[in-house]
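Undergrad: take a look and give me a structure for this.
(chains A and B)
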Amino acid sequence: ILNVEQSPQSLHVQEGDSTNFTCSFPSSNFYALHWYRWETAKSPEALFVMTLNGDEKKKGRISATLNTKEGYSYLYIKGSQPEDSATYLCAFPNSGGSNYKLTFGKGTLLTVNP
Amino acid sequence: DAGVTQSPTHLIKTRGQHVTLRCSPISGHKSVSWYQQVLGQGPQFIFQYYEKEERGRGNFPDRFSARQFPNYSSELNVNALLLGDSALYLCASSLAGDHGYTFGSGTRLTVV
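TA: Residues are numbered from 1 along each chain as shown, chains lettered A, B, ... in the order given. Predicted structure coming up:
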């Protein structure tokens, strides 16, 4: 059974603060690591698919890094805005190398106060 | 271009009944996956279909079944509903490989 852990479970920050959270995953048989943003009453939105150790991806004020040897990924948000409030999920494809089954963490619920 | 569409958006059923949930993938996407999400947990994988063939199945009882049609849309069927089946059911489609998945908004199923 794959274990994908996310921390913290929830986070409250003020508008303008920068923040980061962590996703831990099994380091053996790594294939890819997905990040999703899930706003209330909407559908999960793909942020990044990361595949290479040391990879760093950026989308506006959001960036993510990947360490496959130690099995973690960080998601950073620079200058948080109220519209960044959402649950951030990471997901790990099954270890068989196929991309078809994602094991999700429980998510980090981010609330940005104006 | 329409995203992944799911119907219905909400549904209330009684224990023991049967339910069918529907999903239309993004045009050109041949893979459809189903996930169940209960409060406080991440989405749990139920099924994936690709080119009308079941490609994977999660740890769910045989009461759960699915199929994919020639136009790549999909149905998830759940028989003999239990209270514990109450959840948000998400459908996701993908091209393949490392593009990530596009999710629908889900069907909220309540079993009473």
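
Undergrad: max-length strand in chain A?
TA: Counting by DSSP state E, the longest strand found in chain A is strand A:86-93.

Undergrad: so is that one next to chain B?
TA: Yes - part of strand A:86-93 sits near chain B under the criterion Cβ under 8 Å from any Cβ of the partner chain, namely A:89, A:91. For the C-beta atoms, the positions are set from N, CA and C on the backbone; glycine is no exception.

Undergrad: who are the packing partners of the next helix or strand after that strand?
TA: Per DSSP states H and E, strand A:86-93 leads on to strand A:102-104 as the next helix or strand towards the C-terminus. Under the contact criterion of 3 or more Cβ pairs under 8 Å, 6 or more residues apart in numbering or on different chains; DSSP states H and E, the helices and strands touching strand A:102-104 comprise strand A:86-93, strand B:31-37, strand B:44-50.

Undergrad: any residues touching the helix or strand of chain B with the lowest mean pLDDT, and which ones?
TA: None of the helices or strands of chain B scores lower by mean pLDDT, DSSP states H and E than strand B:53-57, at a mean of 88. When contacts are defined by Cβ atoms under 8 Å, 6 or more residues apart in numbering or on different chains, strand B:53-57 is touched by residues A:94, A:98, A:100-101, B:31, B:45-49, B:66, B:68.

Undergrad: that one: how far from the chain's middle?
TA: Once both centres are worked out by Cα atoms, centre = their mean, to the nearest Å, strand B:53-57 turns out to sit 13 Å from its chain's centre.

Undergrad: could you pull up the mean pLDDT of stretch B:89-101?
TA: pLDDT averaged over stretch B:89-101 equals 81, rounded to a whole number.

Undergrad: coming back round to it: strands paired with the least confident helix or strand of chain B, and their directions?
TA: Here the strand partners of strand B:53-57, with direction, are listed using DSSP bridges: strand B:44-50 (antiparallel).

Undergrad: the strands in chain A, which residues?
TA: Under the criterion DSSP E, chain A carries strands at the ranges A:5-7, A:10-14, A:19-24, A:33-38, A:45-50, A:56-59, A:62-67, A:72-77, A:86-93, A:102-104, A:108-113.

Undergrad: now those strands as CSV including mean pLDDT and mean neighbour count?
TA: Shown next, in CSV, are the strands of chain A (pLDDT from 0 to 100; neighbours: other Cβ atoms under 10 Å in any protein chain shown):
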stretch, mean pLDDT, mean neighbour count
strand A:5-7, 96, 16
strand A:10-14, 97, 13
strand A:19-24, 96, 19
strand A:33-38, 95, 23
strand A:45-50, 93, 20
strand A:56-59, 95, 13
strand A:62-67, 97, 18
strand A:72-77, 97, 19
strand A:86-93, 94, 24
strand A:102-104, 92, 23
strand A:108-113, 97, 18
